[in-house]
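Chemist: Predicted model and sequence follow; I will ask about them next.
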There are 2 protein chains.
Amino acid sequence: MTLKVLASQLGVHPSTVSRVLHAGPRGARGAASSETAQRIRDMARQLGYTPDPQASSLRTRRTHLLGVIVPRLSDLVLALMYEGIEEAAALSGHSTFVMNSHDDEREQRRKTEVMLARRVDGLIFGDAHLDGRLLPELAGRGVPFVLMNRRVPGFPSATCDDVRGGELVADHLWAAGHRDVAVIAGEPFASTAVDRTSGFTARWRELGGHIPADGVVWSGFDTAGGREAAEKILQTNATRPTALFAVNDFAAIGAMGTLRSHGLGVGQDMAVVGFNDTSLAAELPIPLSSVRSPLQEIGRTAVHMLREVLDGQDVESVRLEPTLFVRESSA
Amino acid sequence: MTLKVLASQLGVHPSTVSRVLHAGPRGARGAASSETAQRIRDMARQLGYTPDPQASSLRTRRTHLLGVIVPRLSDLVLALMYEGIEEAAALSGHSTFVMNSHDDEREQRRKTEVMLARRVDGLIFGDAHLDGRLLPELAGRGVPFVLMNRRVPGFPSATCDDVRGGELVADHLWAAGHRDVAVIAGEPFASTAVDRTSGFTARWRELGGHIPADGVVWSGFDTAGGREAAEKILQTNATRPTALFAVNDFAAIGAMGTLRSHGLGVGQDMAVVGFNDTSLAAELPIPLSSVRSPLQEIGRTAVHMLREVLDGQDVESVRLEPTLFVRESSA
DNA sequence: CTGAAAGCGCTTACAG
DNA sequence: CTGAAAGCGCTTACAG
């Protein structure tokens, strides 16, 4: 079903059909008489006509395609953000491609070029590295993009207020009477890791606490990373901490495994707090305290911001508010 | 950078450039002299020319776009299958759209139409319902598609051999001496749930075992579903089972939570076995026995099958072999 | 071996 | 209010 066929069925010129279908649903102002317009709309609906997006983007030079690059979609956190993206994009008639970069700079580059070769209108990066070269380069080439999940100074981003999240955990553990704590800090190239950690440690010091140098352990964001980091904390810290803050729920779960193999009771011998409040946290055999970040909302916000960028507007970065949920693992 | 510009830089006709760029990387047979061909290829690389996909699909009527519909991408199982899809699709120059249907028939329909309006070459469904009306309808309209994850008789699918997976669990629990078992069976509209359950129960009976009517509890695939199902099993079964088979790791984790709140030790008082061997299983505080299904491989296979369908070939459904990993939860 | 033309399906200024 | 033309960037059968 093409515009031409539809027009000939109606006995009008294709351009008239196009004009009508592009006017607002009510206002066919200038496109055609309101009578003709109605006939056209009815017939289009009846025949199930949808304009060929390839053809119209060829004319308009807008594809309504958005590219999304994330470290990995099998990370629940990114999958939920992507749900928000898909939802918001669909509402404004955009379609999205997602690709995994595995947090590897070469892959980030390669996937970005694939997206650009597909002629996406803009990009959303969920995998920004604080020290990356790619982003400044793309900005220089005039490629429109926004960041989500992780921020990088100088570029618009939609993130959780991770500093604030770290502070919430510090307040909670301090109030619960803990004085010796350690942080499973995540990857130093990710603002999520850096901000959550610095929010925590800065507030801890404000409260009068002390964190030894080996009390902050950088790590992978996954269970394996958490497991190794906890192992290290148990081995190297002069005083064994009574509480652990992991900047990611999966790392927290890994750490819980380590504690268990050392015969330490989670919540009893050692408090554990995670981050993101993934659906698993509350459902674990020992429910995990965690900071909830509004993941889908972050994704939706990123889409709105990107649309503004595409419209040539200036955009401000957004930091969404986190909430701490205290459960048995640190009660 | 367009074909025309590139051609004028070289002093040849655009059609010549197109012909060369479409011949195999070496064989410019008939396209141009090997000398001209080389000049064209060099210049194209140097100027970073990539053909506009919108323009070429308008001519060729092939978009190299694939649509993927899954229940939800935030389900780790589907996210991993999608990783396989993305990888295989990229290798053959295809791009993919993913959308969530939330296992709702209306959504499945709606998302399918969005994909078709985008003019995808074909579709991959990861959310097929055994009793759904959509698939036969699409087949009737001549829409090319394959299934993955879940099968439906009559349509080509790439799945795990779920019946076999259920049998592996039955063999294991029987050999470990269990005689009273219950199954957290998943959703009855999903072949994964039905096949894993029937594989288990059929083999259990072959071995001489008995499963009471309330020993099979249908449930959601997530932690909440597993939690409720386990609750029900503990309350309704005359004899308390000594082992639980959950057809999904997340349901298994939910069940572990329930057992714990009833003061039952997982692996001690009750064995638990899951399915899919998601990365979490081995890393849980009490490591979970689980059947590993080759998730990425399923995704890759689905892409290959769809490409065959698009080439007009007949395709056979594929069932990939599962492997059981026994861990502390059922040792 | 290479050029020239036609046309994929649409949109949009321009006439009338 | 409506038609007709031009053109987006490509590919492909057809000449020569």
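Modeler: It's in.

Chemist: Would you mind listing what in the stretch 1-150 of chain A touches DNA strand D?
Modeler: By the rule C-beta under 7 Å from any atom of the strand, the part of the stretch 1-150 of chain A lying against DNA strand D is A:11-16, A:19, A:29-34, A:36-37, A:55, A:58-59, A:61. Just so you know, the C-beta spots here come from the backbone N, C-alpha and C atoms, and that holds for glycine as well.

Chemist: Just confirm residue A:147 is within a strand.
Modeler: Yes: counting by DSSP: H, G, I helix; E, B strand; the rest coil, residue A:147 is found in a strand.

Chemist: in the sheet, who's paired with it?
Modeler: Beta bridges link residue A:147 to residue A:125, residue A:157 when assigned by DSSP bridges.

Chemist: which regions of the stretch 51-200 of chain A lie under the pLDDT threshold?
Modeler: Of all residues in the stretch 51-200 of chain A, none has pLDDT under 70.

Chemist: Mind jotting down where the helices sit in it?
Modeler: In the stretch 51-200 of chain A, the helices defined using DSSP state H, counting those that start in this stretch lie at A:53-60, A:76-91, A:105-117, A:134-141, A:162-175, A:191-206.

Chemist: In TSV: those helices, plus distance to residue B:213 and mean neighbour count.
Modeler: Formatted as TSV, the helices of the stretch 51-200 of chain A follow (distance: least, C-beta to C-beta, whole Å; neighbours: other C-beta atoms under 10 Å in any protein chain shown):
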stretch	distance to residue B:213	mean neighbour count
helix A:53-60	53	16
helix A:76-91	36	23
helix A:105-117	52	17
helix A:134-141	59	14
helix A:162-175	47	22
helix A:191-206	49	21
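
Chemist: can I get these in JSON lines with distance to DNA strand C?
Modeler: JSON lines is the format used below for these (distance: least, C-beta to the nearest atom of the strand, whole Å):
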{"stretch": "helix A:53-60", "distance to DNA strand C": "3"}
{"stretch": "helix A:76-91", "distance to DNA strand C": "18"}
{"stretch": "helix A:105-117", "distance to DNA strand C": "19"}
{"stretch": "helix A:134-141", "distance to DNA strand C": "25"}
{"stretch": "helix A:162-175", "distance to DNA strand C": "41"}
{"stretch": "helix A:191-206", "distance to DNA strand C": "39"}
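
Chemist: okay if I get the ones you listed as a markdown table plus distance to residue A:244?
Modeler: As requested, the helices of the stretch 51-200 of chain A are exported to a markdown table (distance: least, C-beta to C-beta, whole Å):
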| stretch | distance to residue A:244 |
| --- | --- |
| helix A:53-60 | 50 |
| helix A:76-91 | 19 |
| helix A:105-117 | 31 |
| helix A:134-141 | 33 |
| helix A:162-175 | 9 |
| helix A:191-206 | 11 |
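
Chemist: Break chain A down into its domains, please.
Modeler: Following automatic domain parsing, one finds the domains of chain A at A:3-51, A:61-159+A:295-320, A:162-293+A:325-330.

Chemist: Quickly compare those and say which is most buried.
Modeler: Of the domains of chain A, the one with the most neighbours on average (mean count of other C-beta atoms under 10 Å in any protein chain shown) is domain A:162-293+A:325-330, at a mean of 21.

Chemist: May I have the phi/psi pair for residue A:273?
Modeler: Torsion angles at residue A:273 (phi, psi; degrees, to the nearest 10) stand at phi -130, psi 140.

Chemist: The one 5 residues further on now?
Modeler: As for residue A:278, its main-chain torsions (degrees, to the nearest 10) stand at phi -60, psi 160.

Chemist: show me what contacts it?
Modeler: Applying C-beta atoms under 8 Å, 6 or more residues apart in numbering or on different chains, we find residue A:278 in contact with A:76-77, A:80, A:249-250, A:290.

Chemist: cool, residue A:47 as well?
Modeler: The contact partners of residue A:47, by C-beta under 8 Å, 6+ apart, come to A:1, A:6, A:9.

Chemist: number of nearby residues for the first one?
Modeler: Applying the criterion other C-beta atoms under 10 Å in any protein chain shown, we find 13 residues in the vicinity of residue A:1.

Chemist: The residue nearest to it when sequence neighbours are not counted: what's it in contact with?
Modeler: Using C-beta to C-beta, 6 or more residues apart in numbering or on different chains and skipping the chain neighbours, the partner closest in space to residue A:1 is residue A:49 (4.9 Å). Neighbouring residues of residue A:49 by C-beta under 8 Å, 6+ apart: A:1, A:3, A:6, A:43.

Chemist: Give the full set of residues in contact with the third one.
Modeler: What that stands for is residue A:6. So residue A:6 contacts A:14, A:17, A:43-44, A:47, A:49 (C-beta under 8 Å, 6+ apart).

Chemist: ditto for the second one
Modeler: Residues counted as contacts of residue A:3 (C-beta under 8 Å, 6+ apart) are A:14, A:17-18, A:49, A:51.

Chemist: Check the last one too.
Modeler: Shown here is residue A:43, whose contacts under the criterion C-beta under 8 Å, 6+ apart are A:6, A:9-10, A:49.

Chemist: do the same with the first one
Modeler: Residues counted as contacts of residue A:1 (C-beta under 8 Å, 6+ apart) are A:47-50.

Chemist: just those now: which is nearest chain B?
Modeler: Taking C-beta to the nearest C-beta as the measure, residue A:50 is the one of those closest to chain B, at 4.3 Å.

Chemist: Compute the distance between the closest one and DNA strand D, please.
Modeler: Distance, residue A:50 to DNA strand D, using C-beta to the nearest atom of the strand, to the nearest Å: 18 Å.

Chemist: How about residue A:2?
Modeler: From residue A:2 over to DNA strand D the distance is 12 Å, taken as C-beta to the nearest atom of the strand.

Chemist: residues near that residue, how many?
Modeler: Quick note: residue A:2 (other C-beta under 10 Å) scores 12 neighbours.

Chemist: That one against residue A:52, yeah?
Modeler: Yes: shown here, residue A:2 and residue A:52 form a contact pair, counting by C-beta atoms under 8 Å, at 7.3 Å.

Chemist: name the element residue A:38 belongs to?
Modeler: Assigned by DSSP states H and E, residue A:38 belongs to helix A:34-46.

Chemist: for that helix, the distance to its chain's centre please.
Modeler: Centre-to-centre, helix A:34-46 and its host chain are 41 Å apart (C-alpha atoms, centre = their mean, to the nearest Å).

Chemist: nearest to DNA strand D, of the contacts of residue A:43?
Modeler: Of all the contacts of residue A:43, DNA strand D sits closest to residue A:10, with 8.7 Å by C-beta to the nearest atom of the strand.

Chemist: show me the residues around the closest one that make contact.
Modeler: Here residue A:10 is in contact with A:17, A:39-40, A:43 (C-beta under 8 Å, 6+ apart).
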